[in-house]
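S.K.: need coordinates for the below:
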Amino acid sequence: MTDHLKTAREAIATEAAAITRLETLLDERFNQAVETILASKGKIVVSGVGKSGLIGRKLAATLSSTGTPAVFLHPTDAIHGDFGIMAPGDILIAISNSGRTDELLKLIPTVRNLPNKIIAIVGDCSSPLAKVSDICLDASVEKEACPLGLTPTASTTAAMVMGDALAVALLTAHGFDRHDFAASHPGGMLGARLNRSVGEIMHQGDELPIVSDNKLMPEVLAVMNCTKFGVAIVVDVQGRLVGIITDGDLRRLFSTHANPLNASAGEVASPNPRTIAADASLMEALKLMEIAQITALIITDGEKHPMGLIHIHDVLGRTQLWQGTQGG
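M.R.: Numbers count the residues shown, from 1 in each chain. Okay, the predicted model is just below:
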């Protein structure tokens, strides 16, 4: 009887080895590919046939969703009228394990007539496609996971991972962040969440870790431990916001104060903490947190009375709060 688990593990190991090998194949050509795309004012057109075409569709979708406009163009459709989607200044990414795919090779002269740059992701950098390309990215594998050595398995995995590496390098170079991701995924969970208002999800009422500025540290610590936000909102006698106490403030207190437990909340608090309006969007809140490098924001009314508090995990939809939150 065939040992199916053994076969599966061998296939996985072969594909894992192919991915690991890609690291050793990366060289200056990868940098050239990234810089070429960054310098382009056009879009990316990804093309491939068969399994490589499926990988190409995935790459085009990944690029588009991470800040690099891209479309997939099947080479057969291209030479039968759809080549009009490609404009001067666009870049062709051609994917082929053999580098000898006729349909792709027939497309090359038309691409050159624009003229446009060509980046090849191939399994053979001595192949015809590699030779007619401006940049060849080596995605070769030592063997397929298929025992016959015929079914595209490790080779398609390698091509997909090379494409992902290219997309990640580009999004990093573009400075693509969560806000950009939300904007390009308006129907996704993160995008939908970030378009909600702060007031919809803020913690309020008895959940708020509010202390008067004359309270001593034992009571402040009790409030901080009870509410689990890792911060204390400090108010004056009129209930107006005067500061915030974070874990960082506590560390400074206990390292510099002779009698830290005798200090008052007003003495320890950092003044002028970051605040946001209840009608602001969660996207605005997230951007403010990232700019200020904090993880909690206080919501106040027009007279500086604390109305609520949000944590970055609330914004991103996580359910468990960090201990040791920084705020303010």
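S.K.: can you count the residues close to Ile245?
M.R.: Ile245 is flanked by 28 other residues according to other CB atoms under 10 Å. To be clear about C-beta, it is placed using only N, CA and C from the backbone, and glycine gets the same treatment.
S.K.: contacting residues around it?
M.R.: Going by CB atoms under 8 Å, 6 or more residues apart in numbering, Ile245 touches Val211, Val220, Met224, Val231, Ala232, Val234, Ala265, Val268, Ala269, Ser270.
S.K.: ok, of the residues you listed, which one's closest to Arg21?
M.R.: Comparing those against Arg21 with CB to CB places Val231 closest, at 48.0 Å.
S.K.: and that closest one, what pLDDT?
M.R.: You'll see Val231 listed with a pLDDT of 91.
S.K.: wait, it touches Ala296, no?
M.R.: Yes - between Val231 and Ala296 there is a contact under CB atoms under 8 Å: 5.5 Å.
S.K.: how many neighbouring residues does Glu200 have?
M.R.: By the criterion of other CB under 10 Å, Glu200 has 12 neighbours.
S.K.: quick one: the strands in the stretch 101-250 of the chain, in order.
M.R.: 117-122, 135-138, 210-212, 232-235, 241-245 (DSSP state E, counting those that start in this stretch).
S.K.: figure out which of those strands is closest to Val111.
M.R.: Across those, Val111 has its closest neighbour in strand 117-122 (6.1 Å, CB to CB).
S.K.: what sits closest to Lys215 if chain neighbours are left out?
M.R.: Leaving aside its sequence neighbours, Lys215 sits nearest to Ala265 (CB to CB, 6 or more residues apart in numbering; 4.8 Å).
S.K.: now do that neighbour against Asp247, distance only.
M.R.: With distances taken as CB to CB, to the nearest Å, Ala265 is found 15 Å from Asp247.
S.K.: just say helix, strand or coil for Val315.
M.R.: Counting by DSSP: H, G, I helix; E, B strand; the rest coil, the backbone at Val315 sits in helix.
S.K.: can you pull the contacts of the nearest residue to Ser155 once chain neighbours are set aside?
M.R.: Sequence neighbours aside, Asn97 is the residue nearest to Ser155 in space, at 4.4 Å (criterion: CB to CB, 6+ apart). With contact set as CB under 8 Å, 6+ apart, Asn97 has these partners: Ser52, Val122, Gly123, Asp124, Ala139, Pro152, Ser155, Thr156, Ala159.
S.K.: which pair in these has the greatest spatial separation?
M.R.: Across these (CB to CB), the longest gap, 14.8 Å, separates Asp124 and Thr156.
S.K.: out of the two, which sits in the more crowded spot?
M.R.: Neighbours of Asp124 and Thr156, each counted by other CB under 10 Å, are more numerous for Thr156; the result is 25 against 18.
S.K.: so where's the chain shaky on pLDDT?
M.R.: Scanning the chain for pLDDT under 70 picks out 1, 178-194, 317-328.
S.K.: what does the domain assignment say about it?
M.R.: 4-176, 198-316 (automatic domain parsing).
S.K.: quick one, phi/psi of the residue nearest to Leu297 when sequence neighbours are not counted?
M.R.: Spatial nearest neighbour of Leu297, excluding adjacent residues (CB to CB, 6+ apart): Ile276 at 4.9 Å. Main-chain dihedrals, Ile276, degrees, to the nearest 10: phi -150, psi 150.
S.K.: list the beta-bridge partners for Ile276.
M.R.: Bridge pairing for Ile276 (DSSP bridges) gives the partners Ile299.
S.K.: next up, the contacts around it.
M.R.: Val198, Glu284, Ala285, Leu288, Leu297, Ile298, Ile299, Ile310.
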